[in-house]
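Student: here is a sequence together with a model predicted from it:
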Amino acid sequence: MRSELYIDGKWVRPLKGGTFDVVNPATEEVFHTVAAATAEDVDAAVKAARRAFDAGEWPRLSGAERAKYLRAIAEGIRTRQAELSKLEVLDNGKPLPEAEWDIGDAAGCFDFYAGLAEQMDNGFEETIALPDERFSSKVVKEPVGVAGAIIPWNYPLLMAAWKVAPALAAGCTMVLKPSELTPLTALELAAIADEAGLPPGVLNIVTGLGAEAGQPLADHPGVDKLAFTGSVPTGSKVMAAAAKDIKRVSLELGGKSPFIVFDDADIEQAVEWIMFGIFWNQGQVCSATSRVLVQEGIYARLMARLIEETGKIAIGNGFDAGTLLGPLVSERQYGQVRRAIAAAREAGATVAYGGERPDGLGKGYFLQPAILTDVPLDSAAWTEEIFGPVVCIRPFSTEEEAVGHANDSRFGLAAAVMSRDDARTERVARSLRAGIVWINCSQPTFTEAPWGGYKQSGIGRELGRWGLENYLETKQITRYATDQPWGWYLKEGASA
């Protein structure tokens, strides 16, 4: 396992020599130590990225040439999928099959943006029709410059891919800061990029704490673009830092996503998707459908089945066969989720199932999945992101009531609706104020489709062509395309 910083194509120790521990959330044991970057290291990384962009070959390569590097990185990830998956189980805690899925998706992300990079050679220039035939005009896309990216711990390599792949495809250079909780696969990504021959300075990885490495990256005047995924409070700080230099910014923040289930829905399918929507990745998902609204006609039956099936979820170490729910990522996160459940109970909610440490798991940040009912609409459990395997469920009577409750949130990342009535699901999907809406499912994510939210869930979109556009500037080039004199100051026939 690597432990040094990756700056300007080299593995280096931090200038001040600091380190931090990496903890296995299933055992609470320190199993590795990683370099702790400070502002001085961030400055070195940004300057390396600046040189690579301003004077290096990367932004001047054709899209097809950059695509070769991206495909080589994708192949490197696939070749090491088993190793990378195990690293994410070790520092994140997620079940191994989930980690394997994530690593495969990360490789696919690099392949996808390799294809878009190739299209940039002939598909990203547009001719503009002008009312004056003496002029011609076109619009071209150019890389924004040096991008600083700060990513969370819930999908360590996948979140890196969502930012690194489109940035490199666009011709940007990047400084990436992974979460201090899950730094391992980001460092391996640097190794894979190095093995692919990526020019020095194009991708730099600085591991470190938020205040010591993340904030200096956001503040650095040499960064042209900031991309952040994480909490609303931290996103607000990133946005404030960007405002100082008018940096370009994209933010993918929190959510409190609703899931509306109508009484004509298949109860078994509804139970499956409710569970997938909130218990996948231990509920540590920004788009998790954590507010479930169930129509009164099936509420009691659905609740009975949901409690029954939730009780069957195998909880344990992510390496154990059959595990479907691993530990929460850290002691801090474990404590926050436990406190949120206790606060919900104090506010009047009923814990219909779970919310306690599972029997037989005395060590590790393990928590039973929790089902909360009778949750007051003004309570924190209903309005604030818990970021754990905790679902709040309420009955509703009418479509209007359900949509009203669903939209009554400062968040707007995702939402879901389930019904056999296609016209109704389409109508409700259009009514929900969210950037992503799922019909008869929850959480499927495709690299080809845009990802991002309304309201305080963020600014901009990742994935698809929208993700590439995050790292592109739009330039107008207009030509005076005639020999005819302009004749405003110098009149035709006038002597010198």
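Tutor: Structure received. Numbering: from 1, shown residues only.

Student: burial check on residue 131, number of neighbours?
Tutor: Residues lying near residue 131 (other Cβ atoms under 10 Å) number 5. All C-beta atoms are positioned from the backbone trio N, CA, C, and that covers glycine.

Student: and if you look at the one 3 residues further on?
Tutor: Other residues within reach of residue 134, judged by other Cβ under 10 Å, total 12.

Student: please report how far it lies from residue 485.
Tutor: 11 Å (Cβ to Cβ, to the nearest Å).

Student: now swap in residue 92 and tell me
Tutor: As for residue 92, its distance to residue 485 is 68 Å (criterion: Cβ to Cβ).

Student: neighbour-wise, which of these two wins?
Tutor: residue 92 (32 against 10).

Student: chain neighbours aside, what residue packs nearest to the more buried one?
Tutor: residue 182 (5.1 Å; Cβ to Cβ, 6 or more residues apart in numbering).

Student: equivalent analysis for residue 299, please.
Tutor: residue 395 (4.3 Å).

Student: so who does the one you found touch?
Tutor: By Cβ atoms under 8 Å, 6 or more residues apart in numbering, residue 395 lies in contact with 293-296, 299.

Student: quick check: domain ranges of the protein?
Tutor: Taking automatic domain parsing as the reference, the chain has its domains at 5-253+457-478, 258-439.

Student: tabulate those (a markdown table), appending distance to residue 449 and mean pLDDT.
Tutor: Output for the domains of the chain, formatted as a markdown table (distance: least, Cβ to Cβ, whole Å; pLDDT from 0 to 100):
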| stretch | distance to residue 449 | mean pLDDT |
| --- | --- | --- |
| domain 5-253+457-478 | 5 | 97 |
| domain 258-439 | 8 | 98 |
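
Student: and the residue nearest to residue 92, what does it touch?
Tutor: Per Cβ under 8 Å, 6+ apart, neighbours of residue 182: 88, 91-92, 153, 156, 329.

Student: got those as JSON lines, with secondary structure and distance to residue 340 columns?
Tutor: Converted to JSON lines, those look like this (DSSP: H, G, I helix; E, B strand; the rest coil; distance: Cβ to Cβ, whole Å):
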{"residue": "88", "secondary structure": "helix", "distance to residue 340": "25"}
{"residue": "91", "secondary structure": "helix", "distance to residue 340": "23"}
{"residue": "92", "secondary structure": "helix", "distance to residue 340": "20"}
{"residue": "153", "secondary structure": "coil", "distance to residue 340": "18"}
{"residue": "156", "secondary structure": "helix", "distance to residue 340": "24"}
{"residue": "329", "secondary structure": "coil", "distance to residue 340": "15"}
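
Student: tell me the one among these nearest to residue 261.
Tutor: Nearest to residue 261 among the contacts of residue 182: residue 329, at 29.1 Å, using Cβ to Cβ.

Student: distance of the closest one from residue 313?
Tutor: Taken as Cβ to Cβ, the span from residue 329 to residue 313 is 18 Å.

Student: settle it for me: which of those two has more neighbours?
Tutor: Shown here are residue 329 and residue 313; by other Cβ under 10 Å, residue 329 has more neighbours (27 against 16).

Student: need the contact list for residue 18.
Tutor: 35-36, 38.

Student: top of those by neighbour count?
Tutor: So for the contacts of residue 18 (other Cβ under 10 Å), the most neighbours sit at residue 35, 26 neighbours.

Student: was I right about that one contacting residue 3?
Tutor: Yes - using Cβ atoms under 8 Å, residue 35 is in contact with residue 3, at 5.9 Å.

Student: quick one: common contacting residues for the two?
Tutor: Going by Cβ under 8 Å, 6+ apart, residues that sit against residue 35 and also against residue 3 are residue 19.

Student: before we move on, the earlier item: okay, the domains of the chain in TSV with distance to residue 450 next?
Tutor: Below are those laid out as TSV (distance: least, Cβ to Cβ, whole Å):
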stretch	distance to residue 450
domain 5-253+457-478	4
domain 258-439	7
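
Student: the strands in the stretch 1-150 of the chain, which residues?
Tutor: 5-7, 10-12, 19-24, 29-35, 126-128, 135-143, 146-150 (DSSP state E, counting those that start in this stretch).
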